[in-house]
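1. what would the 3D arrangement of this be:
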Amino acid sequence: MKNSDLSPKLILKVVVALIICFSVNFCYARQADVPDSAGDANEFEFLTQRLVQDGFDQEKTKALFGNKTVCFDPGGVSLFFIHSESSLNYDQFSSPKSIADAQMYMETHKEILNKAQEEFTVDKTIITAILLVETRLGTYLGNRAVLNTLATMAALADKALAERVWRAISNNKRPERSTFNKKVDQKSRWGYEELKALISYANRVVRIE
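-> Below is the predicted model:
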């Protein structure tokens with residue numbers, strides 16, 4: 001079967017299903033309300049030095065992590081270590097109503113989606129499917145700052161900070177310590193790369209504007 005033989009509705013359903021498969025772990029960062037506390041500015045000292053060593057402007061980086069709104073968030077990040085995928089309802093995203101809403105969204109925002117598709121070479125159906133799963137088509141943007149989540153993850157290379165995340169997980173939901181440690185390593189590496197990408201993007205947008 002060729003792509004041209006597939007209806008936009010079917011394509012959208014397939015893409016939504018694929019995105020759900022890759023999005024499970026990200027839902028945890030949006031389930032709680034606010035960070036536990038502002039913490040200590042020194043929590044990000046090593047992370048700041050690491051970013052500077054990787055080429056980020058020292059003054060801007062120190063100013064970024066010196067901002068009071070940027071804080072270590074063990075409570076939010078601890079949710080990434082809790083395995084409860086079975087309790088989450090992912091069928092909602094592929095329901096007839098969700099697909100119909102996504103199609104309507106594509107029609108309503110056709111101009112900007114076409115522009116984004118042309119500029120970034122990402123199919124507008126994929127863009128819409130991501131928006132559906134991650135933000136419910138822009139109606140839910142989460143309660144936590146992405147910068148705090150990524151910075152906290154990246155900072156988990158520090159064992160003392162990783163221990164704070166471990167303590168933030170309730171006893172009845174804690175994974176095995178070995179499983180936790182392995183995931184800490186994975187998440188800290190992933191978080192650092194994502195953090196660098198976010199800062200780079202933000203710097204680029206500021207320069208453009």
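2. in terms of secondary structure, what does the longest helix anywhere in the chain contact?
-> In the chain, taking DSSP state H as the definition, the longest helix is helix 177-208. Judged by 3 or more Cβ pairs under 8 Å, 6 or more residues apart in numbering; DSSP states H and E, the packing partners of helix 177-208 are helix 45-53, helix 58-66, helix 146-154, helix 159-168. Any C-beta I mention is one placed from the backbone N, CA and C, and that applies to glycine too.
3. now do 7 Å
-> Judged by 3 or more Cβ pairs under 7 Å, 6 or more residues apart in numbering; DSSP states H and E, the packing partners of helix 177-208 are helix 146-154.
4. if we go by neighbour counts, what in the helix it packs on is buried?
-> Neighbour counts over helix 146-154 (16 or more other Cβ atoms under 10 Å) mark Leu147, Asn148, Thr149, Leu150, Ala151, Thr152, Met153, Ala154 as buried.
5. and which of these is nearest to Gln53?
-> Comparing the buried residues of helix 146-154 against Gln53 with Cβ to Cβ picks out Ala154 as the nearest, at 13.4 Å.
6. doesn't Glu194 make contact with that closest one?
-> No: judged on Cβ atoms under 7 Å, Ala154 makes no contact with Glu194 at a distance of 8.0 Å.
7. separation between Glu43 and Asp73?
-> Between Glu43 and Asp73 the computed distance is 10 Å (Cβ to Cβ, to the nearest Å).
8. so between those two, which is more surrounded?
-> Asp73 (27 against 21; other Cβ atoms under 10 Å).
9. pLDDT wise, what is the more buried one at?
-> Turning to Asp73, the model gives it a pLDDT of 92.
10. hmm, it is touching Leu147, no?
-> No: contact between Asp73 and Leu147 fails when scored by Cβ under 7 Å: they sit 9.9 Å apart.
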